[in-house]
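**Student:** Sequence first, then the predicted structure:
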Amino acid sequence: MFRLALRTLRFRKGGFAASFIALFFGAAIVMACGGLMETGIRDAVPPQRLAAAPLVVATSESYVERARVDASLVPKIAAVPGVAKAVPDVSFPLDPLRDRVPITGGEVDGHAWSSALLAPYSLRSGDAPTDGDVVLDEGVAAATGQGVGGTLSVAIGGKVQDFRVSGVAAAASDNRAVFFSDADATRLHAKSGKVDAIGVLPADGVSVADLQERLTAVIADSKLAVLTGDDRGRAEISGSPGGGDDLVALSAVFGGLAVMVAMFVVAGTLGLSVQQRHREMALLRAIGSTPGQLRRMILGETIVVAVLATALAFPLNLVLGRWLLEQLAGAGVTSEAIAFRQGWIPVAAGVGISLLSATAAAFVAGRGAALTRPTEALAEASLQTRWFSWIRLTFALICLAGGTALSVVTALVMSGPVAASTAGPTAMLWASGLALLSPGITRVLIAVLRWPVRAVTGLSGYLAVMNSDARRIRVAGAITPVMLATGLATALIYLQTTTASGAPSFADDLDADAAVTSQTGGVPLELVTTVKAQQGVGAVSALVDSTATFRAGEDNDDSATALGVTGDGVEGTLGIKATSGRLADLTGGTVALTTDRADRLHYALGDSVQLRMGDGANVDVRLVALYAGSGEETMLLPADLVAKHTTTGLASQILVAAADGTSASALLATLQDLAKTDPDIRVGDRASLVSSGGGGGGEQTGAWVNYLLVGMILAYTVISLVNTLVIATGERRREFALQRLIGATHGQILRMVGVEAVLIALGGIVLGALVSAMTLVPFAYAVYDSPWPSGPLWIYLAVTGGATGLTLLSTVLSTGYVLRTPPVEAAATMS
């Protein structure tokens with residue numbers, strides 16, 4: 001039967017084209033997700049700036065903020081036998097300015113010139129920097145328009161300083177850098193006695209492995225490590241490279257969703273292809289073929305198509321995987337420094353999953369035809385009426401029961417945005433159950449729509465309804481991809497909009513009238529004193545964003561947002577009111593927690609709270625205030641304490657409230673006058689306040705990822721929808737020919753199939769609405785106790801309108817193509 005399968009493929013290329021396309025894109029997506037998963041597992045960060053150093057001493061763990069190394073370790077490492085040179089590296093963010101505006105194109109870091117050999121950088125022109133000088137790499141020189149002898153303005157630590165350009169350096173890496181004299185770099189680094197990493201160059205004849213053992217013995221510090229290979233790249237990144245675990249989770253969810261959609265699509269296209277061959281199947285049964293042989297033939301055809309599609313999808317998966325990683329890195333889901341890695345394991349897994357999906361789809365598609373009796377198959381060679389089986393009903397009920405259970409869990413057990421973890425699988429289970437029952441549901445839908453369609457569309461509608469009723473099983477196969485497209489798109493998009501609306505808005509609770517920010521990304525804390533001294537200013541508070549972890553209590557190692565604030569200005573600007581203690585006491589080593597967090601950890605006012613800051617440093621702080629917070633994941637700390645443990649040491653913004661008797665407009669005018677004295681300062685009104693401490697950035701990243709996944713799945717589903725409609729229309733070549741032979745015109749046939757397309761779209765939209773409703777209603781209850789999801793109506797109208805337009809366009813265009821064949825020739829060909 002396998003040889004027969006190969007022979008039949010030669011004459012039925014068109015019939016298997018739709019399955020090939022679905023398998024091709026499905027395999028590419030699954031293999032790309034496998035590559036993303038391996039990338040997340042390996043979490044490789046190839047070195048660039050430190051590439052010339054075979055060994056790098058840095059912190060052993062990755063933190064949110066950059067963790068640094070004691071500078072006193074440099075001479076100890078240099079004295080280790082086998083070390084030719086130990087080079088300390090300091091790194092600090094800066095913004096080169098051109099016409100007092102920061103250049104674009106990526107982050108730029110400042111370094112000491114002595115560490116240039118670690119890349120290695122080499123002078124292309126000019127001289128090494130002395131105090132007051134800088135050496136630019138070629139990229140920064142081009143972006144700023146500066147050359148040797150010019151003057152470069154640089155924003156560092158919230159202040160603009162000018163330096164003379166003494167040279168331009170060429171580098172072997174893509175990192176953009178500005179080099180200072182060692183003395184200037186130490187001053188600007190602002191972390192006295194600390195370096196970011198130590199690059200180690202081994203002496204001639206000394207192996208990296210041996211020297212790594214010696215250095216590890218000398219360091220004897222569990223917080224430090226001697227890095228080699230790709231691990232060296234971690235020392236170059238400010239804070240945690242991050243994203244490895246997120247990549248694994250995302251790729252698993254995305255890949256699983258793609259596999260389920262692929263199984264639906266391939267089963268549908270194969271089912272249509274097999275239905276077209278009922279007469280062929282009947283003849284094979286009549287000459288003695290067994291049901292098992294027919295199933296093996298269909299399976300063999302499918303495997304041949306799947307192997308070919310998977311092999312051709314391999315190059316596309318590499319491009320797609322790298323593109324997805326770039327998009328995720330650009331959105332902040334993972335670090336841009338993480339390298340894409342895809343070995344043979346994810347490829348083999350992707351191939352295996354694709355082949356298994358195709359095999360399962362072939363089993364579903366071939367089972368009905370293989371079990372049909374020869375005489376019955378001949379009678380219904382042009383029309384299939386049987387679809388029901390107990391196996392089909394059993395799986396449908398399992399899916400619907402599972403979807404119902406998850407809906408109940410989402411509504412009654414879950415709370416807040418975390419409910420999305422069960423809401424997503426709910427959509428797929430309901431879609432699966434309804435797809436299995438779609439032939440029966442289609443009959444009901446056609447019966448309901450019969451009279452309205454006839455009344456509106458006349459004779460064309462009458463013929464369309466009659467055709468759809470007679471061909472309801474094949475119509476159900478076309479309805480399924482419409483249901484998937486509209487149901488999944490509506491569910492996933494409104495999940496995100498509902499999550500966003502259910503999350504508390506940080507800016508809504510603010511009492512501040514203005515915000516002082518920097519065009520280069522950070523504001524020095526000293527500016528708070530200057531702002532306080534301005535006329536008409538009431539309360540002032542800096543905001544420093546970071547993360548801290550509880551080191552004791554029930555939530556051991558529980559991470560929380562650490563929001564650095566100015567104690568005497570918190571209540572007047574952030575709108576946070578203390579329920580116990582005083583927020584004004586937030587000075588030195590103190591902390592304020594929400595009442596929920598304090599109760600859960602059994603903390604009372606005056607207790608010592610042990611924290612691990614964003615850079616890994618341990619601090620003990622005293623609890624001085626409690627407040628009622630909407631999110632217990634946030635704690636308040638003094639701004640200077642948090643800034644000490646951040647990479648930049650700067651505030652993200654300074655919130656300002658007007659004094660009694662001063663209008664917001666008058667306050668803005670005063671602050672704008674202050675901004676004129678410093679070109680780096682920017683002043684915004686209340687409407688421009690940046691969301692801080694409320695997770696806004698995380699929500700935006702989550703939204704972007706959701707939309708990316710929705711877009712990819714929808715693109716795949718749309719391809720499948722077009723495939724299904726085209727193949728379903730192509731099989732009606734003889735029907736259209738007979739209609740034309742008895743006098744029907746092109747226009748009449750096109751109007752008829754147009755009404756049929758609208759019926760298909762309406763059926764898919766109705767089922768898709770049921771899928772999305774069973775997903776979104778419980779989720780909306782979990783988020784804010786309402787049955788109505790939040791989000792603009794135009795999203796739903798765009799999704800359903802797009803699905804309707806695509807269905808209509810695909811059907812009419814493919815019908816028009818079929819009608820190009822003369823009716824006599826078409827009837828003879830299909831007879």
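**Tutor:** Looks like it arrived, so ask away.

**Student:** excluding its backbone neighbours, what's nearest Val206?
**Tutor:** Gly82 (4.0 Å; CB to CB, 6 or more residues apart in numbering). C-beta coordinates here come from the backbone N, C-alpha and C atoms, glycine included.

**Student:** Repeat that for Tyr781.
**Tutor:** The nearest residue in space to Tyr781 (CB to CB, 6+ apart) is Ala411, at 4.4 Å.

**Student:** Wait, a strand at that neighbour?
**Tutor:** No: Ala411 is assigned helix when assessed by DSSP: H, G, I helix; E, B strand; the rest coil, not a strand.

**Student:** Quick check: can you list the domain ranges of this protein?
**Tutor:** Per automatic domain parsing, the structural domains of the chain span 1-43+241-383, 55-236, 387-503+695-831, 507-694.

**Student:** Averaged pLDDT, the shortest one. What do you get?
**Tutor:** When pLDDT is averaged over domain 55-236, the result is 87.

**Student:** Pull the distance from that domain to the chain's centre.
**Tutor:** Its chain's average C-alpha position is 32 Å from that of domain 55-236, according to CA atoms, centre = their mean, to the nearest Å.

**Student:** What of stretch 536-556?
**Tutor:** For stretch 536-556 - counting by CA atoms, centre = their mean - the centre lies 28 Å from the chain centre.

**Student:** Now do the buried residues in that stretch.
**Tutor:** 536-551 (16 or more other CB atoms under 10 Å).

**Student:** From those residues, which one has the minimum pLDDT?
**Tutor:** Pick the lowest pLDDT in the buried residues of stretch 536-556 and you get Arg551, at 77.

**Student:** Correct me if wrong: that one contacts Ser608.
**Tutor:** No: counting by CB atoms under 8 Å, Arg551 stays clear of Ser608, with 11.0 Å between them.

**Student:** Spell out the secondary structure type for Val134.
**Tutor:** strand.

**Student:** Quick check: it vs Leu429, distance?
**Tutor:** As defined by CB to CB, to the nearest Å, Val134 lies at a distance of 60 Å from Leu429.

**Student:** When those two are compared, which one has more neighbours?
**Tutor:** Val134 (27 against 23; other CB atoms under 10 Å).

**Student:** Okay, and the beta partners of that one?
**Tutor:** Val134 forms beta bridges with Val165, Phe180, as assigned by DSSP bridges.

**Student:** For it, give me its contacts.
**Tutor:** Neighbour list for Val134: 152, 154, 163-166, 178-180 [criterion: CB atoms under 8 Å, 6 or more residues apart in numbering].

**Student:** can you rerun that using 6 Å?
**Tutor:** 152, 163, 165, 178, 180 (CB atoms under 6 Å, 6 or more residues apart in numbering).

**Student:** Equivalent analysis for Asp680, please.
**Tutor:** 155, 160, 518-520.

**Student:** what's the distance between the residue of the chain most remote from its centre and Ile749?
**Tutor:** Within the chain, the residue lying farthest from the chain centre (CA atoms, centre = their mean) is Ile742, at 56.0 Å. Per CB to CB, Ile742 is found 12 Å from Ile749.

**Student:** Repeat that for Ser251.
**Tutor:** Counting by CB to CB - Ser251 and Ile749 are separated by 46 Å.

**Student:** Repeat that for Ala476.
**Tutor:** For Ala476, the distance to Ile749 - CB to CB - is 22 Å.

**Student:** Please say which of these two ends up with more neighbours.
**Tutor:** Remark: of Ala476 and Ile749, Ala476 carries more neighbours, 27 against 22, as counted by other CB under 10 Å.

**Student:** what mean pLDDT does the host helix or strand of that one have?
**Tutor:** Assigned by DSSP states H and E, Ala476 falls within helix 472-502. Mean pLDDT, helix 472-502: 82.

**Student:** what about the residue nearest to Tyr781, neighbour count?
**Tutor:** 19.

**Student:** For it, give me its contacts.
**Tutor:** 778, 781-782 are the contacts of Ala411 under CB under 6 Å, 6+ apart.

**Student:** Among the residues you listed, name the ones in helices.
**Tutor:** 778, 781-782 (DSSP state H).

**Student:** can I get the residues you listed in CSV with neighbour count, pLDDT and distance to Ala769?
**Tutor:** Below are these laid out as CSV (neighbours: other CB atoms under 10 Å; pLDDT from 0 to 100; distance: CB to CB, whole Å):
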residue, neighbour count, pLDDT, distance to Ala769
Pro778, 25, 89, 15
Tyr781, 20, 83, 18
Ala782, 24, 80, 20
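
**Student:** between the residues you listed, which is nearest Arg471?
**Tutor:** Pro778 (35.6 Å; CB to CB).

**Student:** The closest one is in contact with Ser407, isn't it?
**Tutor:** Yes: with contact defined as CB atoms under 6 Å, Pro778 counts as touching Ser407 (4.5 Å).

**Student:** can you pull the buried residues of stretch 198-217?
**Tutor:** 198-202, 206, 211-212, 214-215.

**Student:** go on, stretch 89-98?
**Tutor:** So stretch 89-98, judged by 16+ other CB under 10 Å, has buried residues 89-97.

**Student:** show me the contacts for the nearest residue to Val148 once chain neighbours are set aside.
**Tutor:** Leaving out its chain neighbours, the residue that sits closest to Val148 by CB to CB, 6+ apart is Gly126, at 4.0 Å. With contact set as CB under 6 Å, 6+ apart, Gly126 has these partners: 148, 166-168.

**Student:** Sitting in strands, which of those do you find?
**Tutor:** Among these, DSSP state E puts 166-168 in strands.

**Student:** got a winner among those for most neighbours?
**Tutor:** Ser166 (23 neighbours).

**Student:** Pretty sure that one sits against Asp127.
**Tutor:** Yes: using CB under 6 Å, Ser166 is in contact with Asp127, at 5.1 Å.

**Student:** Quick one: mean pLDDT for stretch 295-310?
**Tutor:** 86.

**Student:** The stretch 451-600 of the chain: strands as residue ranges?
**Tutor:** 514-518, 537-550, 558-565, 578-581, 590-594 (DSSP state E, counting those that start in this stretch).

**Student:** Could you export the ones you listed as CSV, including distance to Val69?
**Tutor:** Output for the strands of the stretch 451-600 of the chain, formatted as CSV (distance: least, CB to CB, whole Å):
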stretch, distance to Val69
strand 514-518, 28
strand 537-550, 20
strand 558-565, 23
strand 578-581, 38
strand 590-594, 27
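
**Student:** just so I know, which of the ones you listed lies nearest Lys194?
**Tutor:** Nearest of these (CB to CB): strand 537-550, 17.2 Å.

**Student:** Just give the strands next to the closest one in its sheet, each with its orientation.
**Tutor:** Strand 537-550 has these strand partners (DSSP bridges): strand 558-565 (antiparallel), strand 608-612 (antiparallel), strand 653-658 (antiparallel).

**Student:** deepest of these, which one?
**Tutor:** With neighbours defined as mean count of other CB atoms under 10 Å, the strands paired with strand 537-550 peak in mean count at strand 653-658, which reaches a mean of 27.
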